[in-house]
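> Build me a model from this:
(chains A and B)
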Amino acid sequence: MKRSLALPAIALVAVAGLAACDVGGTGASQPAPSSQQLATGAQVSGEITFWHAYSAGGGEIDALEKTIIPAFEKLHPGVKVHDVQVPSDQMHQKLITATAAGSLPDVVRADIVTVPELAKLGVLAPLSDDMPDFQDWAGKMYPGPLATNKYKDKFWGLPLDTNTKVVIYNQDALTAQGISSVPKTLDDLKADAAKPGAGKYLFAEGGSGGWNLLPFIWSNGGEMTNPEVTKATGYLNSPKTVEAVQMLVDMYNAKQLPSNVLGAPGAVQTSDGLAKGMYDTIVDGPWTFPNLTKAYPNFKPATEPMFSGSAGSISVVGGEDIVMTQQSKNKALAAEFIRYMLSPEAQQAMGKVGQLSAESALAADMASYAPYYAPYLDQLKTARPRPATPQWAKVDDIFTKQVQQAFQGKQTVQQALDNAAAQIDPLLAQG
Amino acid sequence: MSVSTSPKTRKVRATVPPRPNKPRRGGASRRAPHWWVPWAFAAPGLALFGLTTGYPLVRSLQISFYQWSVLPGTASQFVGLGNYVRALGDSQFWNSVENAGAYLLMTVPATIAIALAFATLLHRPMPGRTLFRVIYYIPVVTSWVVVSLLFRYLFTTDNGAVNWFIQDIVHVVNGPVPWLEQRWTAMAAVSLLGIWKNLGWCIVVFLAALAGVQQDLYEAAEIDGANAWHKFVYVTFPGIRGTVVFVTIVQIIGAFNVFPSILLMTNGGPAGSTEVPLTYMYKQAFSFLDFGYAAAMSFVLAIIISAVSYLQYRFTREKKEARS
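As a prediction, the model looks like this:
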């Protein structure tokens, strides 16, 4: 009996002890933002570290390490930039562990959806405060990519590269199925969806997250949140949003949409299916082209803007922002490096290896590097970022799971979006 | 300590008396060593254990009572048992535990039965025995990541090898089975991988146990007219019973900790229906930065595993006592 009481007693003492342990420093929820002004053209020296997820295969690393960094170091004799490649699927986890360990680099090429989260954690320097020339840079950018850097009225980064999604189609497959022209609107898509017949699909979508479904929702006039990103109810479950998702669910139920939309790893990948003639159209990014050329040299993909609805043709912005960490010991050099990464020389070098610049003045240059860039540059004019919130990962998870249950017939689309909005509201309220 | 009282030591002492003015190196054997001596020997191992297991364990227990802030220097909010209460009421967490339970039921009995059968076959002298032992052990040393991706491709709905076989070759289904797109078929596919991957390890352990069963018992059984099945039931199985219990406990703990195969084959989808505790915790911590909640769930899971292991231990021990 004594023994059976001892264990809970020890546990209680341990809990009390742990609770009393010092787990915080100052008690402030965020470190004070730096107020130093990182003027352009300042004398810089020393070393910085730059984390990125550029891919080694497509020539991006070569462009960075053999062209851009050497040119920057030549421009500022004596400085050194150490670049570290982190696989893109590990970047978020590595940033989080580095945050906990206090070992963040000076500059990071961060996925656009992680910037508000990192800003909320207090690890980023507010570039709109710290760089006196911030407005000059911001003015050069497409509005969609720029908006991904905003959190609580400040900008915590600048768009380093951007992308969006357009309709990519297989003309031969359409012709073979007697479909005279590629669907241009959501109504066309709905009307022609039954034509391809068994085992073939007019359209395939590779998932049911915000990245996948928001172009349909926005083009149809729906929304995910209010413009301030503080509320989902009334937006995510509005008639226009429900209608857009319902259209896809109806297509899925009628076997006019393959199971990829459930994020199913068991289905043929959208780009593979497109090249093989299983799927007539997909909505995807510019990286699809080099991949298709490599895997299917004889296939000639064609493009159209995102299917338009009552609100127009609105796609979703992807890409990366360049940010500076609060922990940086050499912010002057970090700021100078950010400026160089956004300079025409660096942007053009990256444009040649597949990284689309977010600076509208460089659109003509970009279009000259690869013919498939042009439709993306056009689409970027109306493309929108996913709601900029530090809670995006959770918001997207809730949205995805609820919508997938609607696809599986476990609830109606209205129920799914009502549930999602109710769960997302408190998250957005946390800011 | 027992050495000083053994007859052998006494004999040595009688024939070779110690020199009184010069203490011998073996002097410690004659009296109890200082209390700290065993601790000193254990210290390096204990230090390593403390650093790599003890500290993280205590630290994660501490984290589980907080709304944990990742950034050093910022305050974490103490929430007491809040994270535990949240875990107990989280249907998605219990759904993940249910999936782990289903995985356990689908993998552990099958793995042990098949491993026992193969081990019994491989224990007999036969040509190419070593080759077969190596072949069955190969899945154990292969990377979880590689074989999970391989199984994912095997179970692809369109053009997957499994669907091709059951649909086009043996004609047991009319259309492709969406293996990884539904909860139970996905769990079955992941379980098949689990059985295939763990089989080799179980076989090796059973083979070692089979080698320890006394041969004369088989001879005695034969004289008594026992056939192969009787010999397995009445001689082999009682002889390796302890090993079977050990393997079962290890496999059950392993089943609750299933992680890479789920992450890579279904990533918990669709709609979170194939989530297991480790994938769910991993997402809470590293996708949503909810480290306190993830830590609390890990302790809830540890309690569940301990309870299951304890019950199993009690169950098998009572049987043993009843037999003796």
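
> show me where pLDDT drops low in the stretch 251-400 of chain A?
Low-confidence segments of the stretch 251-400 of chain A (pLDDT under 70): A:266.

> Can you show me the helices along it?
All helices of the stretch 251-400 of chain A, identified by DSSP state H, counting those that start in this stretch, fall at A:270-276, A:288-295, A:331-341, A:344-351, A:363-369, A:373-380, A:392-407.

> Redo these as TSV? Include distance to chain B and mean neighbour count.
Every C-beta, even on glycine, is put in place using the N, C-alpha and C of the backbone. Output for the helices of the stretch 251-400 of chain A, formatted as TSV (distance: least, Cβ to the nearest Cβ, whole Å; neighbours: other Cβ atoms under 10 Å in any protein chain shown):
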stretch	distance to chain B	mean neighbour count
helix A:270-276	8	22
helix A:288-295	15	16
helix A:331-341	18	23
helix A:344-351	28	20
helix A:363-369	33	16
helix A:373-380	28	21
helix A:392-407	4	22
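
> Please render the ones you listed as TSV that adds distance to B:Trp196 to the earlier fields.
TSV is the format used below for the helices of the stretch 251-400 of chain A (distance: least, Cβ to Cβ, whole Å):
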stretch	distance to B:Trp196
helix A:270-276	27
helix A:288-295	30
helix A:331-341	48
helix A:344-351	44
helix A:363-369	48
helix A:373-380	44
helix A:392-407	29
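
> between those helices, which gets nearest to A:Val44?
Nearest to A:Val44 among those is helix A:331-341 (4.4 Å), distances taken as Cβ to Cβ.

> other SSEs contacting the closest one?
Judged by 3 or more Cβ pairs under 8 Å, 6 or more residues apart in numbering or on different chains; DSSP states H and E, helix A:331-341 is in contact with strand A:47-52, helix A:69-75, strand A:107-111, helix A:127-130, strand A:318-324.

> Enumerate the residues of the stretch 1-150 of chain B near chain A.
Contacts of the stretch 1-150 of chain B with chain A, taken as Cβ under 8 Å from any Cβ of the partner chain, map to B:58, B:61-62, B:65-66, B:69-76, B:78, B:80.

> what about the closest residue to chain A within the stretch 201-324 of chain B, how many neighbours?
Nearest residue of the stretch 201-324 of chain B to chain A: B:Ala271, at 3.7 Å (Cβ to the nearest Cβ). Using other Cβ atoms under 10 Å in any protein chain shown, the number of residues around B:Ala271 comes to 22.

> surely B:Ala161 meets B:Phe151?
No: here B:Ala161 lies out of contact with B:Phe151, judged by Cβ atoms under 8 Å, at a distance of 10.1 Å.

> The two: who's more crowded?
Shown here are B:Ala161 and B:Phe151; by other Cβ under 10 Å, B:Phe151 has more neighbours (22 against 12).

> ok, the spatially most central residue of chain B to A:Thr97 distance?
The centroid of chain B falls nearest to B:Val250 when counting by Cα atoms, centre = their mean (3.1 Å). Applying Cβ to Cβ, to the nearest Å, the value for B:Val250 to A:Thr97 is 30 Å.

> Repeat that for A:Ile217.
Relative to A:Thr97, A:Ile217 is positioned 34 Å away (Cβ to Cβ).

> Same check on A:Thr114?
Separation of A:Thr114 from A:Thr97 (Cβ to Cβ) stands at 14 Å.

> what bits of the stretch 1-150 of chain B have low per-residue confidence?
Along the stretch 1-150 of chain B, the parts satisfying pLDDT under 70 run over B:1-30.

> ok and the residue in it nearest chain A?
Nearest residue of the stretch 1-150 of chain B to chain A (Cβ to the nearest Cβ) works out as B:Ala75 at 3.0 Å.

> sec struct for that residue, please.
Following DSSP: H, G, I helix; E, B strand; the rest coil, we place B:Ala75 in the coil state.

> give the contact list for the spatially most central residue of chain A.
Centroid-nearest residue in chain A: A:Gly318, 4.0 Å away (criterion: Cα atoms, centre = their mean). Counting by Cβ atoms under 8 Å, 6 or more residues apart in numbering or on different chains, A:Gly318 makes contact with A:112, A:162-165, A:211, A:285.

> can we see that at 10 Å?
Each residue near A:Gly318 by Cβ atoms under 10 Å, 6 or more residues apart in numbering or on different chains is listed here: A:111-113, A:144-145, A:148, A:161-165, A:211, A:285-287, A:356, A:383, A:385-386.

> Buried among those residues? Need that as a selection in ChimeraX.
ChimeraX command restricting the contacts of A:Gly318 to the buried ones, with burial defined by 16 or more other Cβ atoms under 10 Å in any protein chain shown:
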select /A:111,112,113,144,145,148,161,162,163,164,165,211,285,286,356,383,385,386
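
> Spell out, range by range, the helices that occur in the stretch 151-300 of chain B.
Along the stretch 151-300 of chain B, counting by DSSP H, counting those that start in this stretch, helices occupy B:161-163, B:183-211, B:215-223, B:228-231, B:237-256, B:260-265, B:277-282, B:291-323.

> mean pLDDT for those: which is lowest?
Of all the helices of the stretch 151-300 of chain B, helix B:291-323 carries the lowest average pLDDT, namely a mean of 83.

> List the buried residues for that helix?
Applying 16+ other Cβ under 10 Å to helix B:291-323 flags B:291-301, B:305, B:308-309, B:316 as buried.

> what about that helix and chain A, touching?
Yes: residues of helix B:291-323 contacting chain A under Cβ under 10 Å from any Cβ of the partner chain: B:Phe291.

> any idea how far that helix is from the chain center?
13 Å (Cα atoms, centre = their mean, to the nearest Å).

> what is the orientation angle of it with helix B:237-256?
Angle, helix B:291-323 to helix B:237-256, by axes from the mean of the first three to the mean of the last three Cα atoms, to 10 degrees: 170 degrees.

> which secondary structure elements does helix B:291-323 contact?
helix B:55-63, strand B:66-67, helix B:82-88, helix B:91-123, helix B:237-256, helix B:277-282 (3 or more Cβ pairs under 10 Å, 6 or more residues apart in numbering or on different chains; DSSP states H and E).
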